[in-house]
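Enquirer: heads up, no residue letters with this:
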């Protein structure tokens, strides 16, 4: 019987890399999700001769209505509605939960003088100047809030290794900023090695980590601008901060790869060196816990 390899923990675990054996009946065809969804029909999917690269941007939640969005953009910070899931992160930090313009995760904090910015995946935003909303806990409280963190400064959405967006942080929110990655710690500088490395990311993948969870993997694929590892990720994890064992920043998480050219890796992202290039004059902020 042909071997079927699965990915992730939830719906993406049903992406098939090889055809079902003869007589297998109702198994999905190669390049489909359970239920018959053609991967090539999903927004942003890159199709190559080797397979697929699937951006892990999540959907904007239904409860974040246009009326609520207008209130957040007008007032800056409003209490989260009762139907909003409880976030596990506090303030504005790597691993914070983006609600709009898409359901994604923020990565590293960057600094320029006394100003701050925070990253995400480039495919999670659509235009420069676009406002970005986070669902987080207000520092010093247990109150979940929706906060207009700032607006998109720049972004690139050109596939694996060239996928990063930078969002300004409004000066009045500077006291909310913490460069330390939620739960997993770091970053303590930038990783420039070539592995293999154990990596950790913190994201808000639908079903796996809604609210935020740390997840480990093993990165064996290290290219100039991109890297890949084997672990668990799903829609909503895009943008997640990833660090290696010694707490150095590895890069972000952007795609699930179903592609023979990336084996044994199934998750990929943009390396921190390339991210720093795209950030321009903004410098990576290290955690205050670094020695």
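Expert: Good, I have the coordinates. What you see is a predicted model, and the numbers here were worked out from it, not measured in a lab. Numbering: from 1, shown residues only.
Enquirer: Tell me where the stretch 151-291 of the chain has strands.
Expert: 163-168, 197-203, 213-222, 226-230, 241-244, 249-252, 255-259, 267-270, 283-284 (DSSP state E, counting those that start in this stretch).
Enquirer: who wins for proximity to residue 58 among those strands?
Expert: strand 197-203 (9.7 Å; CB to CB). The way it works is simple: take the backbone N, C-alpha and C, and place the C-beta from them, glycine included.
Enquirer: by contact count, what packs against that closest one?
Expert: Counting contacts by 3 or more CB pairs under 8 Å, 6 or more residues apart in numbering; DSSP states H and E, strand 197-203 packs against strand 213-222, strand 241-244.
Enquirer: on that earlier part again, in JSON lines, list the strands of the stretch 151-291 of the chain along with distance to residue 79 and mean neighbour count.
Expert: Listed next are those as JSON lines, based on distance: least, CB to CB, whole Å; neighbours: other CB atoms under 10 Å:
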{"stretch": "strand 163-168", "distance to residue 79": "22", "mean neighbour count": "27"}
{"stretch": "strand 197-203", "distance to residue 79": "24", "mean neighbour count": "25"}
{"stretch": "strand 213-222", "distance to residue 79": "24", "mean neighbour count": "19"}
{"stretch": "strand 226-230", "distance to residue 79": "38", "mean neighbour count": "24"}
{"stretch": "strand 241-244", "distance to residue 79": "27", "mean neighbour count": "29"}
{"stretch": "strand 249-252", "distance to residue 79": "30", "mean neighbour count": "30"}
{"stretch": "strand 255-259", "distance to residue 79": "34", "mean neighbour count": "25"}
{"stretch": "strand 267-270", "distance to residue 79": "33", "mean neighbour count": "31"}
{"stretch": "strand 283-284", "distance to residue 79": "32", "mean neighbour count": "16"}
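Enquirer: got a markdown table for the ones you listed, with mean pLDDT and distance to residue 101 too?
Expert: Below are those laid out as a markdown table (pLDDT from 0 to 100; distance: least, CB to CB, whole Å):
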| stretch | mean pLDDT | distance to residue 101 |
| --- | --- | --- |
| strand 163-168 | 98 | 10 |
| strand 197-203 | 97 | 17 |
| strand 213-222 | 96 | 23 |
| strand 226-230 | 97 | 24 |
| strand 241-244 | 98 | 19 |
| strand 249-252 | 98 | 17 |
| strand 255-259 | 94 | 19 |
| strand 267-270 | 98 | 19 |
| strand 283-284 | 98 | 24 |
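Enquirer: Kindly present the helices and strands packed on strand 197-203 as a markdown table, with separate columns for distance to residue 276.
Expert: Listed next are the helices and strands packed on strand 197-203 as a markdown table, based on distance: least, CB to CB, whole Å:
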| stretch | distance to residue 276 |
| --- | --- |
| strand 213-222 | 16 |
| strand 241-244 | 14 |
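Enquirer: of all these, which lies closest to residue 165?
Expert: Here strand 241-244 is closest among the helices and strands packed on strand 197-203 (CB to CB), at 13.4 Å.
Enquirer: in the sheet, who's paired with the nearest residue to residue 233 once chain neighbours are set aside?
Expert: The shortest distance from residue 233 to any non-neighbouring residue, by CB to CB, 6 or more residues apart in numbering, is to residue 267 (4.8 Å). With DSSP bridges applied, residue 267 shows beta-bridge pairing to residue 229, residue 256.
Enquirer: for residue 164, same thing?
Expert: residue 156.
Enquirer: got the contact list for it?
Expert: 119, 120, 121, 122, 155, 156, 252, 270, 274, 275, 278, 279 (CB atoms under 8 Å, 6 or more residues apart in numbering).
Enquirer: Report the buried members of these.
Expert: Using 16 or more other CB atoms under 10 Å as the burial test, the contacts of residue 164 include 119, 120, 121, 122, 155, 156, 252, 270, 274, 275, 278, 279 as buried.
Enquirer: Just give me the closest of those to residue 220.
Expert: residue 270 (17.2 Å).
Enquirer: thought that closest one was touching residue 163?
Expert: Yes - the pair residue 270 / residue 163 is scored as a contact, 5.2 Å apart, by CB atoms under 8 Å.
Enquirer: quick one: common contacting residues for those two?
Expert: Shared contacts of residue 270 and residue 163, counting by CB under 8 Å, 6+ apart, come down to 252, 254.
Enquirer: before we move on, back to that, which of the helices and strands packed on strand 197-203 sits closest to residue 114?
Expert: Nearest of these (CB to CB): strand 241-244, 22.6 Å.
Enquirer: Within the sheet, what are the partner strands of the closest one, with directions?
Expert: Applying DSSP bridges, one finds strand 241-244 paired with strand 197-203 (antiparallel), strand 249-252 (antiparallel).
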